[in-house]
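Trainee: sequence and computational prediction follow.
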Amino acid sequence: MDQFFGAFGVEWPLLIAQAVNFAIVLAALWYFLYKPVMAMLAARQEQVAKSVREAEQIEELFSRADAEAETRVRAADTEAEQIVASAREAAAAAQVQLVKDAEARAARIAKDAEARAAEELARARKESEREVARLAVLAAEKIMRSHAS
Amino acid sequence: MHEGIAVVLKAEQLGSVFGFPVTNSLVMGWILMAFLIGGAYLFGRSLKAVPGRLQAGVEWVFEGAIGYMADVLESETVARRFFPLVATMFIFIALINETEFFPGVGSIGLVRASGFLPLLRAPTTDLNFTLALAAIAFITIEVAGVTTLGFFKYAKKYVNLKSPTGFVVGIIELMSNLGRLISFSFRLFGNIFAGEVMILVVGFFIPYLLPAPLMIFEMFIGLVQALVFSMLTLFFIKLSIMEAHEEHEPRQAG
């Protein structure tokens, strides 16, 4: 056996040296390569998981915001419709009132005018009666004067 | 002119430091370690949350490897526990095998009275390296079995006194476990070393022309061997953390 291994140059110190070499490489790669890369991979995985979670949250938020916006728009629509309807109603009411007012005013004006006309007529009649009386007096005077002469 | 083909089975000793022998495969191992650790340090420091192309590629490979290991081991946690070992085996062996034919490796050296002494030699062509790795894989596999199942449950796989057949099967299982030490180390050593020898021989007969395509082929083999070594480690870990099959226990298909 010794001869056999001797032919291949196997010696304890060399064997141990090579084993130590490998152990050093293993330790160094472990420390410098595997650990940081593994940590990086784990961190990346965590990041991806977090991103996915956040994306889901955002999506949910979006859908919720969408729904809310829709309800709000719908509410605003109905409100606007109500406002328009009430405005129309108010306008109609105002129109009726206006017409009524105008009619009343017209009636009043007409009545005023009638009254004034009647008054005018009465006055004219009175005046004309006075005139007629004066004329009658004048005519009588004239007649009497001509009779007298 | 060539003086013939010199095939050296063992890594040559360049000298010694504090009484410890230093071979050319050790030197090359240190150089590659320096590159690997430096590269890992620079890469690990430059990690960004938004990855560049290189980082994305590495992350993709990591995730794929862990996913595959989780499939094999049927547990994400266990896969993460053994990923560093399996990945390092693959990376280190692959790097060694791919740099095996770098200009200078095996060709730059010292000319001594005893002959040419290359300064660099791929560690995978040194049985010390492959045996050391095999031992690490072996120990990992056994420890994984014992820590996952508990000592007695794990031992029950190999010492079965319920039936003579069971006993023999257990002993065979035990032997095959020990045999892994040999198969692991010699598979890697044999493949890579044979590749080098083949290139050497071919270069002797048909120089310039044939070695280059064969080197490409050998680099592919080197990658495959790195994969085989790490995959087998993974599969044996899986086998060792599985509970022993009871004869009459209902087993799930597949």
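Mentor: Structure received. Keep in mind that this is a model prediction, so the values were computed, not measured. Numbers count the residues shown, from 1 in each chain, chains lettered A, B, ... in the order given.
Trainee: for chain A, what helix or strand is lowest in average pLDDT?
Mentor: Across the helices and strands of chain A, the lowest-confidence element by mean pLDDT, DSSP states H and E is helix A:2-7, at a mean of 83.
Trainee: now find how far off-centre that helix is within its chain.
Mentor: Distance, stretch centre to chain centre, for helix A:2-7: 96 Å (C-alpha atoms, centre = their mean, to the nearest Å).
Trainee: please name every helix or strand in contact with it.
Mentor: Helices and strands touching helix A:2-7, by 3 or more C-beta pairs under 8 Å, 6 or more residues apart in numbering or on different chains; DSSP states H and E: there are none. C-beta coordinates here come from the backbone N, C-alpha and C atoms, glycine included.
Trainee: what's in contact with it?
Mentor: Around helix A:2-7, the neighbours that count as contacts under C-beta atoms under 8 Å, 6 or more residues apart in numbering or on different chains are B:9-10, B:127.
Trainee: quick one: what helix or strand has residue 100 in it?
Mentor: The chain I'm using is chain A. Per DSSP states H and E: residue A:100 is located in helix A:35-148.
Trainee: my question was about chain B, not that one.
Mentor: Residue B:100 belongs to no helix or strand, assigned by DSSP H and E.
Trainee: can you pull the pLDDT of it?
Mentor: What the model reports as pLDDT for residue B:100 is 89.
Trainee: do stretch B:7-16 and chain A meet?
Mentor: Yes. Residues of stretch B:7-16 contacting chain A under C-beta under 8 Å from any C-beta of the partner chain: B:9-11.
Trainee: quick check, nearest of the residues you listed to chain A?
Mentor: residue B:10 (2.5 Å; C-beta to the nearest C-beta).
Trainee: what about the closest one, which SS state?
Mentor: Three-state call for residue B:10 (DSSP: H, G, I helix; E, B strand; the rest coil): coil.
Trainee: mind pulling up the phi and psi values for it?
Mentor: Per-residue torsions, residue B:10: phi -110, psi 160 (degrees, to the nearest 10).
Trainee: that one: what's its closest spatial neighbour, skipping adjacent residues?
Mentor: Closest residue in space to residue B:10, ignoring its immediate chain neighbours: residue A:9 at 2.5 Å, by C-beta to C-beta, 6 or more residues apart in numbering or on different chains.
Trainee: I figured the one you found was touching residue B:127, is that so?
Mentor: Yes. The criterion here is C-beta atoms under 8 Å, and residue A:9 meets it with residue B:127 at 6.8 Å.
Trainee: joint contacts of the two?
Mentor: Joint contacts of residue A:9 and residue B:127 (C-beta under 8 Å, 6+ apart) are residue B:10.
Trainee: looking at these two, which one has more neighbours?
Mentor: More crowded of residue A:9 and residue B:127, by other C-beta atoms under 10 Å in any protein chain shown: residue B:127, with 27 against 19.
Trainee: look up how far residue B:193 lies from the more buried one.
Mentor: 9 Å (C-beta to C-beta, to the nearest Å).
Trainee: which SS state does the residue of chain A found nearest chain B fall under?
Mentor: Going by C-beta to the nearest C-beta, chain B is nearest to residue A:9 of chain A, at 2.5 Å. Using three-state DSSP as the criterion, the local structure at residue A:9 reads coil.
Trainee: who are the neighbours in contact with it?
Mentor: Taking C-beta under 8 Å, 6+ apart, we find residue A:9 in contact with B:9-11, B:23, B:126-128.
Trainee: from these, keep the buried residues only.
Mentor: Among the contacts of residue A:9, those classed as buried by 16 or more other C-beta atoms under 10 Å in any protein chain shown are B:10-11, B:23, B:126-128.
Trainee: chain B contacts on chain A?
Mentor: So far as C-beta under 8 Å from any C-beta goes, chain A lies against chain B at A:5, A:7-11, A:13-19, A:21-26, A:28-30, A:32-38, A:40-41, A:43-44, A:47.
Trainee: what about burial for those residues, which qualify?
Mentor: A:8-11, A:14-15, A:17-19, A:21-22, A:25-26, A:28-30, A:32-34, A:36-38, A:40.
Trainee: remind me, longest helix of chain B?
Mentor: Looking across chain B with DSSP state H, the single longest helix is helix B:164-205.
Trainee: show me what the very next helix or strand once past that helix is packed against.
Mentor: Next helix or strand after helix B:164-205 toward the C-terminus (DSSP H and E): helix B:211-241. With contacts taken as 3+ C-beta pairs under 8 Å, 6+ apart, helix B:211-241 sits against helix B:53-73, helix B:76-98, helix B:127-149, helix B:164-205.
Trainee: who does the longest one touch, helix- and strand-wise?
Mentor: I take that to be helix B:164-205. helix B:127-149, helix B:211-241.
Trainee: try it again at 10 Å.
Mentor: helix B:76-98, helix B:127-149, helix B:151-156, helix B:211-241 (3 or more C-beta pairs under 10 Å, 6 or more residues apart in numbering or on different chains; DSSP states H and E).
Trainee: export only the CA atoms of the least confident helix or strand of chain A, formatted as PDB.
Mentor: Listed next in PDB are the C-alpha coordinates belonging to helix A:2-7 (Å, rounded to 0.1, in the frame of the first residue of the first chain):
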ATOM      1  CA  ASP A   2       2.800   2.400   0.900                       C
ATOM      2  CA  GLN A   3       4.600   1.500  -2.300                       C
ATOM      3  CA  PHE A   4       1.400   2.100  -4.200                       C
ATOM      4  CA  PHE A   5       0.700   5.500  -2.800                       C
ATOM      5  CA  GLY A   6       4.400   6.300  -3.000                       C
ATOM      6  CA  ALA A   7       4.300   5.800  -6.700                       C
END
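Trainee: for the stretch 51-200 of chain B, list the residues in contact with chain A, please.
Mentor: B:51, B:55, B:58-59, B:61-63, B:66, B:80, B:83-85, B:87-89, B:91-93, B:95, B:123, B:126-133, B:135-136, B:139, B:185-186, B:189, B:193 (C-beta under 10 Å from any C-beta of the partner chain).
Trainee: ChimeraX command to pick out the buried ones of those residues?
Mentor: The buried subset of these, as determined by 16+ other C-beta under 10 Å, is captured in ChimeraX by this line:
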select /B:51,55,58,59,62,66,83,84,85,87,88,89,91,92,93,95,123,126,127,128,129,130,131,132,133,135,136,185,186,189,193
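Trainee: I'm done for today, thanks for sticking with me.
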